[in-house]
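Engineer: how would this look folded up:
(2 chains)
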Amino acid sequence: MTYPRPKSPNMQNYRPQLTSVMSFGHRLSGVALSLFAFGLAAWLVAGATGPAAFNHAQAVVLSGPGGVILFLATLAVFYHLCNGIRHLIWDSVHAFELRSIYVGGWAVIAASLLLTLALWVWVLI
Amino acid sequence: MGADLTLPRITPYSSAHGLGAAGHGAGHWWAQRVSAIALVPLILWLVWALANGVATDYAALSIWLSAPINTVLMIMLLIAVFHHAALGLQVIAEDYIHSRMRFAVVALVQLACAAGGAAGVVATLLIAITS
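Structural biologist: Just a heads-up that it's a prediction; the model follows:
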């Protein structure tokens, strides 16, 4: 274990590219969504505790800061969902050419922004 | 005569076995993909339901989660989401933590995700049954 092996990834050596930024975004949104999973569990526990606890949880979720976090949560959901499907397509050994990787990358960014926007327009109107 | 069987035989395989990438890496990889595929319809179901105000107050939450289809889908989502989260967070910890803290963080991730999933499933069942 003390053998001095090279450590990876050494991100600071590389100029940011669409591919690397999206890869980091996938991990970042994944960590954020893990935290939101605990939020979902806590919200359900509040519901199981009773009406008073659930009303309190709803007041937190629907407050100003809660609303901003909820918006970021939907953005993280749609980005991780769309980019996750891109990863599943790669796993099936498709769309591996450099051009497909970039076209797919921009498609994921466009789709996740559009889906997030459409959802909130649907909710608020 | 043959090799002395009383001496430990250190082969490349035996020195690597059980230390990580010696068999169960493929299982981890598959579990990540299977839970990902399960989560595609499940997360769309949850987002769509919440966006349509199925749980804006306690009464609505009770009615929504006591329908068997919604109880089952919520429990499936909780299991898939916490399993997927545990697998993903473990990979991130293994990539970035190079000290002895790695084992502690991976263990904490696994335990916390198991606890989160258990709490969510029990809460869902309580809401479904007691309403």
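Engineer: Give the full set of residues in contact with A:Ala107.
Structural biologist: Each residue near A:Ala107 by CB atoms under 8 Å, 6 or more residues apart in numbering or on different chains is listed here: A:Cys82. (Glycine included, C-beta is placed from N, CA and C.)
Engineer: Tell me which helix or strand it sits in.
Structural biologist: A:Ala107 is part of helix A:98-124, with elements assigned from DSSP states H and E.
Engineer: Any idea how far that helix is from the middle of the chain?
Structural biologist: 12 Å (CA atoms, centre = their mean, to the nearest Å).
Engineer: What parts of chain B come near chain A?
Structural biologist: Contact residues (CB under 8 Å from any CB of the partner chain) of chain B with chain A: B:33, B:36-37, B:39-40, B:43-44, B:47, B:51, B:55-58, B:61-62, B:65, B:74, B:78, B:81-82, B:85, B:88-89, B:92, B:95, B:98, B:112-113, B:116-117, B:119-120, B:122-124, B:126-127, B:130.
Engineer: repeat that with 6 Å
Structural biologist: Neighbours of chain A within chain B, by CB under 6 Å from any CB of the partner chain: B:36, B:51, B:58, B:61, B:81-82, B:85, B:88-89, B:92, B:98, B:116, B:119-120, B:123-124, B:126-127.
Engineer: now, which of the residues you listed lie within helices?
Structural biologist: B:36, B:51, B:58, B:61, B:81-82, B:85, B:88-89, B:92, B:116, B:119-120, B:123-124, B:126-127 (DSSP state H).
Engineer: what stretches of the chain score poorly on pLDDT?
Structural biologist: By default, I'm working from chain A. A:1-3, A:7-9 (pLDDT under 70).
Engineer: that's the wrong chain, I meant chain B
Structural biologist: Checking chain B against pLDDT under 70 turns up B:1-5, B:7-8, B:15-24, B:131.
Engineer: those helices in chain A, which residues are they?
Structural biologist: Under DSSP H, chain A gives helices at A:18-49, A:51-61, A:64-91, A:98-124.
Engineer: and the second one, does that touch chain B?
Structural biologist: Spelled out, it's helix A:51-61. Yes. Using CB under 6 Å from any CB, helix A:51-61 comes into contact with chain B via A:51, A:54.
Engineer: buried stuff in that helix?
Structural biologist: Going by neighbour count (16 or more other CB atoms under 10 Å in any protein chain shown), the buried part of helix A:51-61 is A:54, A:57-58.
Engineer: and what of the last one?
Structural biologist: Across helix A:98-124, burial judged by 16+ other CB under 10 Å covers A:104-105, A:108-109, A:111-112, A:115-116, A:119-120.
Engineer: of all these, which comes closest to chain B?
Structural biologist: The shortest approach to chain B among the buried residues of helix A:98-124 belongs to A:Leu119, at 5.7 Å (CB to the nearest CB).
Engineer: That closest one: what's it in contact with?
Structural biologist: A:Leu119 is in contact with A:74, B:51, counting by CB atoms under 6 Å, 6 or more residues apart in numbering or on different chains.
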